[in-house]
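**Q** Next come a sequence and a model predicted from it.
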Amino acid sequence: MTSVSSKPIFNKSIKAKASLGVAVLVTSLSFNAQATTFTLSNWVPPTHFITTDILNVWAEQVQTATEGRVEIRMLPKPVGTPAQHWELARKGIVDITWGNFTYEPDRFKSIWFAEMPFNGEDVEASSVALWDTYEKYLASNPTYADVKMLGVGVLGPGVINHGSKAIVSTEDMANQKIRMGGPIQKRLIEELGAIPIAAPATKAYELLAGQVLDGSLHSLESVVNFRLTEQLSHHTLIPGGFYDGTFFLIMNEGKWKRLSAADQATVMSVSGTVFSRLWGQVFQREIDQAYAQLREEGHQFSQPTEELMAKIGLVRQQMIQDWAAEHDSYGIEQPLEMFDYYRQRYTDLSK
């Protein structure tokens, strides 16, 4: 086992903390007859940091920037399951939604490049790089038709978490039952000799408590926010991340077109890059705080052996080649060029 120092590998501090609303997404002291109100379906609790520190903050920025002409009203409960939220916006059932691309992996195969191992530890840089890559390569792709993309973000570096031992070698991974989400995580687990168990993160507590699982893939913030600190006490920090996750904020295209060109431009002035930066800053803060909390609680942090890193690298290389070979199925002529652009943008932004 290779030990690590107390200095976290996820060490980029948040650059700015936006003000947040805690009661409702947007409050108005007076009725504005000229305001256009859009509904937003949100599937995490009102106290979750995505609600309070990202969605509420963004909605307030929209209202302020448009001088009250555009308001966002969060619905009291989500419409549909998390995996349905792309379709809810595309079909206009609600105006605005957010969600995880990984919930529909086959549909969004074009964006798999951003979930590969070793993509980076700076969540803000990864999120903004993904937005830049989307604008350059994916905005006109038919997969993303009928919606207006308002922002994207990433989860942050995925970690191998275990309930009873450090995972630092392929031998440590052998035959371990590991919860995962999505095809990239599944293949990584299988190639490393473990047994993938498909389950949403919300089921991890139950499965770990029932000893159905030995470990579970999460970012550090998810270990804390899904209340898994008692079940997962060992964390292997893979430099660059074992995997990542990708998220969207979208609006029904028809509803978007009802706005004037001036208001569209104003909304985008606080969306796009600005939203992706906000997303990345907040997730980075949560990861850094989780790391500090877990260390204080006596959790064990380890780094992989060179042998395990080499194995992950080989699997990564093959996954990228296989993904690129299927480019016709997701409509990207030069997928490796897109991937290289994303990596270069990350490098530039993380300096």
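**A** Thanks, I have it. Numbering: from 1, shown residues only.
**Q** just the strands in this structure please.
**A** For the chain, strands defined by DSSP state E occupy the ranges 2-3, 36-41, 70-74, 96-100, 147-154, 159-162, 177-180, 195-198, 215-218, 234-236, 246-252, 300-303.
**Q** so where's the stretch 101-250 of the chain uncertain?
**A** Across the stretch 101-250 of the chain, nothing is flagged by pLDDT under 70.
**Q** for it, what spans make up the helices?
**A** 123-133, 170-173, 183-191, 204-209, 220-225 (DSSP state H, counting those that start in this stretch).
**Q** Which of those helices sits closest to Gln318?
**A** Of all the helices of the stretch 101-250 of the chain, it is helix 183-191 that lies closest to Gln318, at 8.3 Å by CB to CB. No exception for glycine: its C-beta is placed from N, CA and C like everyone else's.
**Q** C-alpha coordinates for that closest one, PDB please?
**A** Extracted in PDB, the C-alpha atoms of helix 183-191 (Å, rounded to 0.1, in the frame of the first residue of the first chain):
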ATOM      1  CA  PRO A 183     -20.700   2.000 -19.200                       C
ATOM      2  CA  ILE A 184     -17.300   3.600 -18.600                       C
ATOM      3  CA  GLN A 185     -17.300   2.800 -14.900                       C
ATOM      4  CA  LYS A 186     -18.600  -0.700 -15.700                       C
ATOM      5  CA  ARG A 187     -15.800  -1.500 -18.100                       C
ATOM      6  CA  LEU A 188     -13.100  -0.100 -15.700                       C
ATOM      7  CA  ILE A 189     -14.300  -2.300 -12.900                       C
ATOM      8  CA  GLU A 190     -14.600  -5.400 -15.100                       C
ATOM      9  CA  GLU A 191     -11.100  -4.900 -16.700                       C
END
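**Q** Run through the neighbouring helices and strands of that helix.
**A** strand 177-180, strand 195-198, helix 306-325 (3 or more CB pairs under 8 Å, 6 or more residues apart in numbering; DSSP states H and E).
**Q** same thing but 6 Å
**A** Applying 3 or more CB pairs under 6 Å, 6 or more residues apart in numbering; DSSP states H and E, one finds that helix 183-191 contacts strand 177-180, strand 195-198.
**Q** what angle separates that helix from helix 306-325?
**A** 140 degrees (axes from the mean of the first three to the mean of the last three CA atoms, to 10 degrees).
**Q** Can you name the residues in contact with helix 183-191?
**A** Outside helix 183-191, the residues that touch it by CB atoms under 6 Å, 6 or more residues apart in numbering are Pro105, Glu115, Ile178, Met180, Pro196, Leu217, Tyr243, Val315.
**Q** and it, how far out from the chain's middle?
**A** In terms of CA atoms, centre = their mean, to the nearest Å, the centre of helix 183-191 is found 18 Å from the chain centre.
**Q** Ok, stretch 134-141 next?
**A** With CA atoms, centre = their mean, you get 18 Å for stretch 134-141.
**Q** what does it contact?
**A** Tyr144, Val152, Gly331, Met338.
**Q** which of these are buried?
**A** Among those, those classed as buried by 16 or more other CB atoms under 10 Å are Tyr144, Val152, Met338.
**Q** Report the contact partners of the first one.
**A** Contacts here follow CB under 6 Å, 6+ apart; on that basis Tyr144 touches Leu138.
**Q** at 10 Å what do you get?
**A** Trp86, Arg90, Phe108, Ser110, Ile111, Tyr134, Leu138, Phe248, Ile250 (CB atoms under 10 Å, 6 or more residues apart in numbering).
**Q** What is the burial count for the fifth one?
**A** Using other CB atoms under 10 Å as the criterion, Ile111 is surrounded by 26 other residues.
**Q** and if you look at Gln334?
**A** If we define neighbours as other CB under 10 Å, then Gln334 has 12 of them.
**Q** now, of the helices and strands packed on helix 183-191, which is deepest in the fold?
**A** Comparing these by mean neighbour count (mean count of other CB atoms under 10 Å), strand 177-180 comes out on top with a mean of 22.
**Q** which other helices and strands contact that one?
**A** Counting contacts by 3 or more CB pairs under 10 Å, 6 or more residues apart in numbering; DSSP states H and E, strand 177-180 is packed against strand 159-162, helix 183-191, strand 195-198, helix 204-209, strand 215-218.
**Q** and of these, who's closest to Gln34?
**A** strand 215-218 (44.9 Å).
**Q** on that earlier part again, who wins on neighbours among the contacts of Tyr144?
**A** Ile111 (26 neighbours).
**Q** Who are the contact partners of that residue?
**A** 101-102, 105, 130, 133-134, 137-138, 141, 143-144, 152, 246, 248, 330, 332, 338, 342.
**Q** ok, now how distant is it from Pro105?
**A** Ile111 sits 9 Å away from Pro105, going by CB to CB, to the nearest Å.
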